[in-house]
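Undergrad: Provided below are the primary sequence and the corresponding predicted coordinates.
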Amino acid sequence: MDANVVPPRAGEGWWASNAQTLKTLFRMLFGLIWLIDGSLKFAPGFVGAFAGSISGAGQPGWLQGWFSFWATQVNGDPAFWVYLVGTLEVLLGLALIFGFIRKVAYAGGALLSLFIWAVPEGFGGPYGPGSTDIGTGAMYALLFLALILLNATYGPSRWSLDAWLERRISWWSRIAELRPKLAASR
């Protein structure tokens, strides 16, 4: 067993004794969601509809400058923004599925989620009577933080491309892990 993996204590139950498998499945399923979402950005007609989603209609007046700035950016070249975000989502999905540079993927995924929440999702708005949804981006950012916490709590994932690379490249754990393996000389 890996020295960084926290083994379950006696009497902790099924969840604790299967934490490694569960966190890996959670990571991979979340990656599949991102992979599908990113792939859908390349669907015909999405580029044409994207600019209209960044209007800021119905948002508070103090946010209009934010949405005007992004509407100007997106209207200048909507294909660039759609394909950039789609490519980032596909790459993020693949990184999650295969467990590649997880520390960077988790932090980058949280930032990308917040960006998506703040721009095309309009911070979950427009808010008004009957609005009850703050958007998915904020929730996705929290899920990435949960992945960071799971990785920090239960240690490196044995079922990842990172684990394979760490056995072959001594410094790889510094890129991939929140708790890099300590050098043998310490």
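TA: Noted; the coordinates are in hand.
Undergrad: in this structure, which residue is most central in space?
TA: residue 109 (2.8 Å; C-alpha atoms, centre = their mean).
Undergrad: low pLDDT regions in the protein?
TA: Along the chain, the model assigns pLDDT under 70 to residues 1-12, 55-58, 125-132, 179-186.
Undergrad: verify the contact between residue 137 and residue 114 for me.
TA: Yes: between residue 137 and residue 114 there is a contact at 6.3 Å, judged by C-beta atoms under 8 Å. Where C-beta positions appear, they are placed from N, C-alpha and C, glycine not excepted.
Undergrad: so for the two, which residue has more residues nearby?
TA: More neighbours surround residue 137 than the other of residue 137 and residue 114, with 22 against 17 (other C-beta atoms under 10 Å).
Undergrad: which residue is the nearest non-sequential neighbour of that one?
TA: Counting by C-beta to C-beta, 6 or more residues apart in numbering, residue 117 is the residue found nearest to residue 137 once chain neighbours are left out, at 2.5 Å.
Undergrad: what sits against the one you found?
TA: Counting by C-beta atoms under 8 Å, 6 or more residues apart in numbering, residue 117 touches 123-124, 135-138, 140-141.
Undergrad: got it, and residue 18?
TA: With C-beta under 8 Å, 6+ apart, residue 18 has no contacts at all.
Undergrad: next: residue 151.
TA: Contacts of residue 151 by C-beta under 8 Å, 6+ apart are 23, 102-103, 106, 157, 177-179.
Undergrad: out of those, grab the one that's most surrounded.
TA: Going by other C-beta under 10 Å, residue 102 tops these with 26 neighbours.
Undergrad: now that residue: how far from residue 169?
TA: For residue 102, the distance to residue 169 (C-beta to C-beta, to the nearest Å) stands at 15 Å.
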